[in-house]
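Undergrad: next one to model:
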Amino acid sequence: MSQSSFGDALNEQVANEFAAHQQYVAIAVHYDAETLPRLAAFFYRQAVEERNHAMMITQYLLDADLDVRTPGVEAPEVGFDDIVAPVQLALAQEKRVTDQISALAAKARDEGDYQGEQFMQWFIKEQVEEVSTMSDLLKIVERSRDNPLLAEEYLARESIGEEGNDPTAPAAAGGAL
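TA: Residues are numbered from 1 along each chain as shown. Reported below is the predicted structural model:
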């Protein structure tokens, strides 16, 4: 297998996506423990989505005949003071991932890896959606800080994060389970 700096960076992104997965599981567990099932369900879905992003990148690495390294990740943050802190953390994480994805697309372009650049386009579109969704959720939980059940009602009414599978998404290694 050959390797490029883009391939190395993609392997690093797999680690970032798995770290995001773990963080979202920790947030979901926090909300579950607080008996906020809609917030918990939202973040459990987000966790699966991040895991699938890691597996999409893994499948691309396999398809492109690049080295694949399965990374370990640091433990996620698990202690939160209120209903708002986890969503603030999630929004910061999504903004960081947006920067990482943009840098990956730029790296592919700089290396003349047009297949890699094209692969990154779906992730760029996805990050616009992720930041928007998390920004909206942050506004909701900030207004619901003193009554978390209002956020639960909002999630029940609006069904954010329940859009279903995107048929334009790249294939995931092992299938999108």
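
Undergrad: hey, let's count contacts and neighbours off CA atoms from now on
TA: Fine.

Undergrad: can you show me the helices along the protein?
TA: Applying DSSP state H to the chain gives helices spanning 5-33, 37-63, 85-110, 114-143, 148-158.

Undergrad: among those helices, which comes closest to Ala172?
TA: When the helices of the chain are ranked by distance to Ala172, counting by C-alpha to C-alpha, first place goes to helix 37-63 at 3.9 Å.

Undergrad: now do that closest one against helix 5-33, angle only.
TA: Interaxial angle of helix 37-63 relative to helix 5-33 (axes from the mean of the first three to the mean of the last three C-alpha atoms, to 10 degrees): 160 degrees.

Undergrad: that older thread, export the helices of the chain to TSV and append columns for mean neighbour count, distance to Arg69 and mean pLDDT.
TA: Converted to TSV, those look like this (neighbours: other C-alpha atoms under 10 Å; distance: least, C-alpha to C-alpha, whole Å; pLDDT from 0 to 100):
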stretch	mean neighbour count	distance to Arg69	mean pLDDT
helix 5-33	22	6	97
helix 37-63	21	9	96
helix 85-110	19	17	97
helix 114-143	17	18	96
helix 148-158	16	37	95
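
Undergrad: I'd like the distance between the residue most central in space within the chain and Gln121.
TA: Residue closest to the mean C-alpha point of the chain, counted by C-alpha atoms, centre = their mean, is Glu50 at 3.9 Å. Noted for Glu50: a distance of 16 Å to Gln121, by C-alpha to C-alpha, to the nearest Å.

Undergrad: and for Asp81?
TA: 37 Å.

Undergrad: over to Asn16?
TA: Asn16 sits 18 Å away from Gln121, going by C-alpha to C-alpha.

Undergrad: which one of the helices of the chain lies closest to Pro167?
TA: helix 114-143 (11.0 Å).

Undergrad: show me what that closest one is packed against.
TA: Here helix 114-143 touches helix 85-110, helix 148-158, going by 3 or more C-alpha pairs under 8 Å, 6 or more residues apart in numbering; DSSP states H and E.

Undergrad: reformat these as a markdown table; add distance to Tyr60.
TA: Formatted as a markdown table, those follow (distance: least, C-alpha to C-alpha, whole Å):
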| stretch | distance to Tyr60 |
| --- | --- |
| helix 85-110 | 13 |
| helix 148-158 | 34 |
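
Undergrad: so which of those helices gets nearest Leu138?
TA: Closest among the helices and strands packed on helix 114-143, once you apply C-alpha to C-alpha, is helix 85-110, at 5.7 Å.

Undergrad: what's the angle between the closest one and helix 37-63?
TA: Inter-element angle recorded for helix 85-110 and helix 37-63: 20 degrees (by the same axes, to 10 degrees).

Undergrad: run a quick neighbour tally on Arg145.
TA: If you count neighbours by other C-alpha atoms under 10 Å, Arg145 ends up with 15.
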